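A.B. asks: how would this look folded up:
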Amino acid sequence: MHSLDGKTAFITGSGSGIGRESAFLMAKSGAQVVVCERDEEAGRGTVDTIVDEGGTASLVVADVSDDAQMAEAVEATCRRHGGLHILFNNAGIFPDGDGSPVETPLDIWQWVIDVNLKGVFLGCKYGIPAMLESGGGSIINTASFVAVMGAATSQIAYTASKGGVLAMTREIAVEYARQGIRANALCPGPVRTPLLEEFLSDPAVKARRLVHIPMGRLAEAEEIANAVLFLASDTSSYVTGTTFLVDGGITASYVTPE
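C.D. replies: Purely as a prediction, here's the structure:
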């Protein structure tokens, strides 16, 4: 078990999916978990589950794309828990309308960039000073396997945003390596979440996706959360600046679509 005793973890988008499972695992490993969610009801559900199981958790309601809200969310975290040691910038969106460059509306492009890329930037903008004051720690930014290869179906805004997260994470890792902060880009393959299940509800679309995955299945959110826990803990003390792929072998494979 990777111990997080005495550490405070701030997790965005932790009302569902990877963020929620990561919150559960970190709490079980001893961390004080701060659930940062725009959806108050979903965030409260994560907090209540952790507390019911004997863990420590609190909720901050914030839109990751809003500068003032993120500043207050991190300040509240430090005020309540005395510091910040783990920053998991996980919140992201993949809206309808995100397609090819010529078809994607500008408002969809901007919305995706604001949440997926600017949201990670704001988490780091306010989280890094708090982590430095706390003696350092670990930043995990959720990118995607599409940050390193083209998607099977066009999703230009999402792919561009995740490529930006990957590049930004590398720069942060280099800048703060000697100040006790590690930063890694988590790059999951397709995960079985409600969002993706809805997207893959068409059997033909799902088949086109699965043919690219050597394991032949989607990841479970808990499998990705296990990687997050490793990166958050001191077990990964010499790991920084990585493109941390958890993708079932997608990026290692060349598969001709059927």
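
A.B. asks: How about stretch 206-216, which residues are buried there?
C.D. replies: Buried positions in stretch 206-216, judged by neighbour count with 16 or more other CB atoms under 10 Å: 206, 209-210, 212-213. Quick note: C-beta positions are derived from backbone N, CA and C, even for glycine.

A.B. asks: Next: stretch 68-87.
C.D. replies: Those would be 69-70, 72-74, 76-78, 81, 83-87, for stretch 68-87 by 16+ other CB under 10 Å.

A.B. asks: Report the distance from that stretch to the chain centre.
C.D. replies: 17 Å (CA atoms, centre = their mean, to the nearest Å).

A.B. asks: Equivalent analysis for stretch 169-189, please.
C.D. replies: Relative to the centre of its chain, stretch 169-189 is centred 13 Å away, using CA atoms, centre = their mean.

A.B. asks: how long is it end to end?
C.D. replies: Stretch 169-189 has its terminal residues 18 Å apart, counting by CA to CA, to the nearest Å.

A.B. asks: Average pLDDT for that stretch, rounded please.
C.D. replies: Average pLDDT, stretch 169-189: 98.

A.B. asks: For the chain, which segments count as helices?
C.D. replies: For the chain, the helices defined by DSSP state H cover 17-28, 40-52, 67-81, 106-112, 119-133, 156-176, 194-199, 203-210, 221-232.

A.B. asks: so where's the stretch 151-258 of the chain uncertain?
C.D. replies: Across the stretch 151-258 of the chain, the ranges flagged by pLDDT under 70 are 194-195, 199, 255-258.

A.B. asks: which ones are touching Arg80?
C.D. replies: 34, 58 (CB atoms under 8 Å, 6 or more residues apart in numbering).

A.B. asks: So for the protein, the centremost residue is which one?
C.D. replies: Geometric centre of the chain, nearest residue: Asn90, 2.3 Å, by CA atoms, centre = their mean.

A.B. asks: Looking at it now. What's its pLDDT?
C.D. replies: Predicted confidence (pLDDT) for Asn90: 98.

A.B. asks: With Arg44 instead?
C.D. replies: Per-residue pLDDT puts Arg44 at 98.

A.B. asks: Report the spatially nearest residue to it, omitting neighbours in sequence.
C.D. replies: Closest residue in space to Arg44, ignoring its immediate chain neighbours: Leu59 at 5.9 Å, by CB to CB, 6 or more residues apart in numbering.

A.B. asks: what number of residues lie near that neighbour?
C.D. replies: Look at Leu59: counted by other CB atoms under 10 Å, it has 21 neighbours.

A.B. asks: Same question for the one 5 residues further on.
C.D. replies: Other residues near Val64 come to 26 when the count uses other CB under 10 Å.

A.B. asks: Ok, Glu133 next?
C.D. replies: Neighbour tally, Glu133, other CB under 10 Å: 11.

A.B. asks: just the one 3 residues further on next, same as before
C.D. replies: Neighbouring residues of Gly136 were enumerated by other CB under 10 Å; the total is 13.

A.B. asks: cool, and Gln179?
C.D. replies: Using other CB under 10 Å, Gln179 is surrounded by 11 other residues.

A.B. asks: Please give me every residue in contact with it.
C.D. replies: By CB under 8 Å, 6+ apart, Gln179 lies in contact with 132, 136.

A.B. asks: Could you pull up the residues touching Gly136?
C.D. replies: Per CB under 8 Å, 6+ apart, neighbours of Gly136: 85, 179-181.

A.B. asks: hmm, try it at 10 Å
C.D. replies: For Gly136, the contact set (CB atoms under 10 Å, 6 or more residues apart in numbering) comprises 85, 176, 179-182.

A.B. asks: Show the pLDDT at it.
C.D. replies: Taking Gly136 on its own, its pLDDT is 98.

A.B. asks: Got the phi and psi for it?
C.D. replies: When read as degrees, to the nearest 10, the backbone of Gly136 gives phi 100, psi -170.

A.B. asks: and the gap between it and Ala207?
C.D. replies: Distance, Gly136 to Ala207, by CB to CB, to the nearest Å: 46 Å.
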